[in-house]
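J.: can't give you the sequence, but here's the structure:
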Ligand SMILES: [Ca+2]
């Protein structure tokens, strides 16, 4: 690894960082910088995930650093008032356009969703911060025009599809034919779930963040739940969801990303659980431009069944944004300013891949991030 070269490039970039754009532009640039740091953290993480040999790992890290350095250079230029032409922004375009372009490139590199340790799904980019608040109260009313579908069953604690549950039950029964006490097999049927829902118009989503403070009402929405069977196991999966919201002069449409393999409706025997799904957001509103550009991102809504079989989504008052829109530990560390303490670049792979301070970011990435942080004026 030629860290010396990387470091000299970093320092060259800072020469141009003396001035600073004002107001909203500054916010945009600081957000871009934070995205860049997230990208550094994730880049190192990805290089460590592929089982690469030492040489390939070195190439991977160097390539990630080179990409990040180019983006870092653009951010530095963007801070200079009047530097728009130098970074290729045409007359009439704004810093926001530049930022959108930059962010698009960052998202292309990593993608908005990733995985935490333990395979829980989280966003690699910040959708809502821990200080943002979100309150969700939605009703999904069962559509009478669609058939109720038989659903998976629990047999001795294992989940079976409706098709294979009968065989599993039979197997459990046969085990007790020898005259011993019947098997303790319990056969609780998981709550019956319809496959078509319509969202009630009484639903609202309240969002309170720095730049965005709105109550959005449901205009129209539908949700389709399908039982997918893999082997003997069944899973309830949202396969179609569109939700149109409006409020405070803006319109928002959330659409399911059905290509995400982790979409799932999970309900316990009390009819309580969650709906996890990747969604994309489209809106004409400038306030939502950043989130609109992400492609799809991951959200988890607490859900329960009401007495009529409808679904109710409710965070029970204010919830923090990162509960509904979880983000990766490495990204969270950057958001919270908890990156590593050392500016020394580790030379060995073992050191670079370690996470000695336990902040979820490889120490090699911590060192790069700290160099960026030292010369930047963003909080
Ligand atoms: Ca670390």
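T.: Noted; the coordinates are in hand. Quick caveat: nothing in here was measured; it's all calculated off a predicted structure. Numbering: from 1, shown residues only.
J.: in the sheet, who's paired with the closest residue to residue 319 other than its chain neighbours?
T.: With sequence-adjacent residues excluded and distances taken as CB to CB, 6 or more residues apart in numbering, residue 319 is closest to residue 134, at 5.7 Å. No exception for glycine: its C-beta is placed from N, CA and C like everyone else's. Beta-bridge partners for residue 134, by DSSP bridges, are residue 207, residue 319.
J.: repeat that for residue 267.
T.: Beta-bridge partners of residue 267, as defined by DSSP bridges: residue 273.
J.: quick check: it touching residue 273?
T.: Yes - if you go by CB atoms under 8 Å, residue 267 and residue 273 touch, sitting 4.0 Å apart.
J.: between those two, which contacts overlap?
T.: residue 303 (CB atoms under 8 Å, 6 or more residues apart in numbering).
J.: give me the neighbour count for the residue nearest to residue 319.
T.: 21 (other CB atoms under 10 Å).
J.: that one: what's it in contact with?
T.: Taking CB under 8 Å, 6+ apart as the test, what residue 134 contacts is 128, 205, 206, 207, 208, 315, 318, 319, 320, 321, 324.
J.: for these, pick the one with the most neighbours.
T.: Neighbour-wise, the contacts of residue 134 (other CB under 10 Å) top out at residue 128, 25 neighbours.
J.: wasn't it part of a helix?
T.: No - read with DSSP: H, G, I helix; E, B strand; the rest coil, residue 128 is coil and lies in no helix.
J.: what about it? Give its phi and psi, please.
T.: phi -130, psi 140 (degrees, to the nearest 10).
J.: the residue of the stretch 1-150 of the chain found nearest the ion - nearest residue in space that isn't next to it in sequence?
T.: Nearest residue of the stretch 1-150 of the chain to the ion: residue 41, at 8.8 Å (CB to the ion). Nearest in space to residue 41, with sequence neighbours left out and distances taken as CB to CB, 6+ apart, is residue 330 at 4.1 Å.
J.: helix or strand for the one you found, which one?
T.: Secondary structure assignment for residue 330, by DSSP states H and E: helix 329-335.
J.: what does that helix contact?
T.: 34, 37-38, 41-42, 45, 116-117, 122-126, 129-130, 322, 327, 339, 359-361, 365, 369.
J.: quick one: buried ones out of these?
T.: 34, 37-38, 41-42, 45, 122-126, 129, 322, 327, 339, 359-361, 365, 369 (16 or more other CB atoms under 10 Å).
J.: narrow those residues to those in helices?
T.: Judged by DSSP state H, the buried ones among the contacts of helix 329-335 include 34, 37, 38, 41, 42, 45, 322, 365, 369 as members of helices.
J.: so residue 223 versus the ion, what's the distance?
T.: 40 Å (CB to the ion, to the nearest Å).
J.: what count of nearby residues applies to that residue?
T.: Neighbours of residue 223 (other CB under 10 Å): 25.
J.: the helix holding residue 330 near the ion anywhere?
T.: No - taking CB under 5 Å from the ion as the criterion, helix 329-335 and the ion are apart, separated by no less than 7.8 Å.
J.: that helix: what's the following helix or strand?
T.: helix 349-353.
J.: name the helices or strands packed onto that following helix?
T.: The contact analysis (3 or more CB pairs under 8 Å, 6 or more residues apart in numbering; DSSP states H and E) places helix 349-353 against helix 23-49, helix 54-78, helix 363-374.
J.: what sits against residue 141?
T.: 197, 198, 199, 200, 308, 310 are the contacts of residue 141 under CB under 8 Å, 6+ apart.
J.: would you mind listing what in the chain touches the ion?
T.: 340, 355, 357, 359, 361, 363, 366.
J.: out of the residues you listed, who's nearest residue 263?
T.: Nearest to residue 263 among the residues of the chain next to the ion is residue 361, at 28.2 Å by CB to CB.
J.: can you check the pLDDT for that closest one?
T.: For residue 361, the pLDDT comes out at 89.
J.: with the one 10 residues further on instead?
T.: You'll see residue 371 listed with a pLDDT of 79.
J.: same question for residue 379.
T.: 57.
J.: low-confidence regions, this protein specifically.
T.: For the chain, applying pLDDT under 70 flags the ranges 1-26, 78-95, 115-119, 143-194, 211, 232, 340-347, 374-379.
J.: ranges for the helices of the stretch 201-350 of the chain?
T.: For the stretch 201-350 of the chain, the helices defined by DSSP state H, counting those that start in this stretch occupy 289-292, 321-324, 329-335, 349-353.
J.: in the stretch 151-300 of the chain, which residue sits closest to the ion?
T.: Counting by CB to the ion, the stretch 151-300 of the chain gets nearest the ion through residue 298, at 23.6 Å.
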